[in-house]
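# Sharing a sequence plus its predicted fold:
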Amino acid sequence: MQLHTFDSSAALNQQFAAEISSRLAAAIAEKGEATLVVSGGKTPLPLFKTLSETDLDWSRVTITLADDRWLPETHADSNEGLVKANLLQGKAASARFISLFDSAYPDDAYKGAAVVAARVAELPVFDVLILGMGEDGHTASLFPCSKEIQAGLAADAPVALAVTPATAPYQRLSLSKTRLLNSAVIYLHLVGPKKLTVLEQAMAGQDPLQMPVRAFLQQQQVPVHVMFTAN
Ligand SMILES: O=C1O[C@H](COP(=O)(O)O)[C@@H](O)[C@H](O)[C@H]1O
């Protein structure tokens, strides 16, 4: 794991967006297409705006989420709604988006999970994966408080699974550890001093069931860059 610390959110976003677009451009040059996986929550909003203003052949980029709340995109807490309103705009408006929600089962992520998993299974190796982290050490929707945590971290997990966190609202749809690790590079995007304290706690112990973000920070399969700013 490499920790990159920035003086401000503006400096982080500028450097981070440049790095992401350069990796996506390299993937397009090599394969004709690129895949970007982002996270929801409050942290990535300014990054999404910067990315949406970045020159790139976005029509060759497929974007999906590491996780989402099981909600229609019109709901204020939908990560899909957030991405569509803030990232799939401007220069990035032509990117293809793969939803982690299925309106055929609007109230039951467990019934819809297989349909979403089939969509995600068609995607190649993720060229760029951006993860966030909660103060309980969850990442994507791999929550330590959920009964699905062992399944989500298992080597033979399906690519996506339904999750019900005990300490956070809504049923969720999360990509599994195995699918998330099928990435060329992973970025962990952290803003604020509390997130640094949680990162230090995650690095100080080993059990991913207690802090699932450890499954990404403490592995050797995929390079991980932590992009951090205190403010
Ligand atoms: O519940 C979630 O939280 C994490 C962190 O969110 P933030 O608001 O602190 O940035 C996020 O990465 C995840 O995608 C989301 O579902």
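Received it, and whenever you're ready, just let me know what you need. Numbering: from 1, shown residues only.
# where along the chain do the helices fall?
Listed in chain order, the helices of the chain (DSSP state H) span 9-31, 45-52, 79-86, 109-121, 149-153, 177-180, 193-204, 214-217.
# can you give me phi and psi for the closest residue to Arg119 other than its chain neighbours?
Distance criterion CB to CB, 6 or more residues apart in numbering; nearest residue to Arg119, sequence neighbours excluded, is Ile98 at 5.6 Å. C-beta here means a position set from N, CA and C on the backbone, and glycine is covered the same way. Note on Ile98: backbone dihedrals following degrees, to the nearest 10 are phi -110, psi 120.
# which parts of this structure sit against the ligand?
Taking CB under 6 Å from any ligand atom as the criterion, the chain approaches the ligand at residues Ser39, Gly40, Gly41, Lys42, Thr43, Asp67, Gly132, Gly134, Ser141, Ala168.
# ok, 8 Å please
Within the chain, the positions near the ligand by CB under 8 Å from any ligand atom are 39-44, 65-69, 79, 131-135, 138-141, 165, 168, 172, 189, 191, 195.
# Let's see the ChimeraX selection covering just the buried ones among the residues you listed.
The ChimeraX selection below is limited to those of the residues of the chain next to the ligand classed as buried (16 or more other CB atoms under 10 Å):
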select :39,40,43,44,65,66,67,68,69,79,131,132,133,134,138,139,140,141,165,168,172,189,191,195
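# does Ala166 really touch Glu148, like I thought?
No. Using CB atoms under 8 Å, Ala166 and Glu148 do not qualify as a contacting pair, with a distance of 10.8 Å.
# Look up how far Val163 lies from Gln150.
12 Å (CB to CB, to the nearest Å).
# Looking only at neighbour counts, state which of Ala166 and Glu148 leads.
Between Ala166 and Glu148, counted using other CB atoms under 10 Å, the more crowded position is Glu148 (20 against 9).
# got the contact list for the more buried one?
When contacts are counted by CB atoms under 8 Å, 6 or more residues apart in numbering, Glu148 touches Leu161, Ala162, Val163, Thr164.
# between Gln150 and Val163, which one's more packed in?
More crowded of Gln150 and Val163, by other CB under 10 Å: Val163, with 28 against 11.
# Please narrow the residues of the chain next to the ligand to those residing in strands.
Counted as lying in strands by DSSP state E, out of the residues of the chain next to the ligand, are Leu65, Asp67, Asp68, Arg69, Leu131, Arg172, His189, Val191.
# Model confidence at the nearest residue to Val191 once chain neighbours are set aside, what's the number?
Nearest residue to Val191, sequence neighbours excluded (CB to CB, 6+ apart): Thr43, at 5.1 Å. As predicted, Thr43 sits at a pLDDT of 96.
# List the contacts of Thr43.
By CB under 8 Å, 6+ apart, Thr43 lies in contact with Gly132, His189, Leu190, Val191.
# Now with 7 Å, please.
By CB atoms under 7 Å, 6 or more residues apart in numbering, the residues touching Thr43 are Gly132, His189, Val191.
# what about the chain, any weak spots by pLDDT?
Within the chain, not a single segment meets pLDDT under 70.
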